[in-house]
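Novice: Pasting the sequence and the predicted model now:
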Amino acid sequence: MMTGLAAFGAAGLASSRVEAQAAGVPPPTLVQMRAPLPPNQIHVFPDHFQLFHTRPEGMAMRYPCRVGRDSLYEAGQFYVGAKKKWPSWKPTPGMIEREPELYAKYEEDGMPGGPGNPLGARALYLFQPGRGDTYLRIHGTGDQRSIGQAVSNGCAGLINEHITILYDNVPIDTTVVLYPKMG
């Protein structure tokens, strides 16, 4: 079986709303995979800033994304252990240690869900067997300019419009593969 980005074709049928296009973020695109992978999995390719949600019959929806910066990106196999709409957010101890000027003020109470929240409109919580919650997320962002960049504290991010679509199509226990950075 072909794995990695080579499994996905480049051609696709596009559809999305005007806001994403106006922001310069390509719409989600239905693509034919070169080699089929099991349906209903998520595959994130950090060097290409693309997230694929596999479908039946060798198809996948391709979303532009952002990923974790530097060594904060963690490759591996995960599963969706929880899903939340307009999730609340609290920085991890590592985030506070790295950038106290940005995150220390949220250490105690965090931030309630809403448009200004760093997790955006929806979040998929990534778990691993024996480890539980990894504190990695696939979540929304209101910062369209961050798409196509390695800027987060480890999470994969989609614009809010796109994470809402993905969220509605991904059940709990979905397999998620975060491929290693090559560059």
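Specialist: It's in.
Novice: ok, which stretches of this protein are strands?
Specialist: Taking DSSP state E as the test, the strands found in the chain are 8-14, 29-33, 41-45, 50-54, 59-64, 67-68, 76-85, 122-128, 132-141, 150-152, 156-159, 175-178.
Novice: just those strands: most buried one?
Specialist: Stretch with highest mean neighbour count among the strands of the chain: strand 156-159 (a mean of 26; mean count of other C-beta atoms under 10 Å). C-beta coordinates here come from the backbone N, C-alpha and C atoms, glycine included.
Novice: Surely Ile138 is in contact with Gly154?
Specialist: No. Contact criterion C-beta atoms under 8 Å: Ile138 and Gly154 do not qualify, at 11.1 Å.
Novice: picking up where we left off before, and Ile96, which of the strands of the chain is closest to it?
Specialist: strand 132-141 (12.8 Å; C-beta to C-beta).
Novice: Adjacent strands (with direction) for that closest one?
Specialist: strand 122-128 (antiparallel), strand 156-159 (parallel) (DSSP bridges).
Novice: Need the CA coordinates for that strand. CSV is fine.
Specialist: The C-alpha trace of strand 132-141 is given here as CSV (Å, rounded to 0.1, in the frame of the first residue of the first chain):
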residue,chain,number,x,y,z
GLY,A,132,-4.6,9.7,26.9
ASP,A,133,-5.0,13.4,26.0
THR,A,134,-1.8,14.6,24.3
TYR,A,135,-2.8,18.2,24.4
LEU,A,136,-2.5,18.3,20.6
ARG,A,137,-5.5,19.5,18.7
ILE,A,138,-6.8,20.0,15.3
HIS,A,139,-8.7,23.3,15.7
GLY,A,140,-10.0,26.4,14.1
THR,A,141,-8.4,29.8,13.9
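Novice: ok and it relative to strand 41-45, angle-wise?
Specialist: Computed by axes from the mean of the first three to the mean of the last three C-alpha atoms, to 10 degrees, the angle separating strand 132-141 from strand 41-45 equals 70 degrees.
Novice: what packs against the longest helix anywhere in the chain?
Specialist: Using DSSP state H, we find that the single longest helix of the chain is helix 160-169. Where contact means 3 or more C-beta pairs under 8 Å, 6 or more residues apart in numbering; DSSP states H and E, helix 160-169 is packed against helix 18-22, strand 50-54, strand 59-64, strand 122-128, strand 132-141.
Novice: got those as a markdown table, with distance to Ile163 and mean pLDDT columns?
Specialist: Formatted as a markdown table, the helices and strands packed on helix 160-169 follow (distance: least, C-beta to C-beta, whole Å; pLDDT from 0 to 100):
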| stretch | distance to Ile163 | mean pLDDT |
| --- | --- | --- |
| helix 18-22 | 11 | 44 |
| strand 50-54 | 10 | 97 |
| strand 59-64 | 9 | 97 |
| strand 122-128 | 5 | 98 |
| strand 132-141 | 4 | 97 |
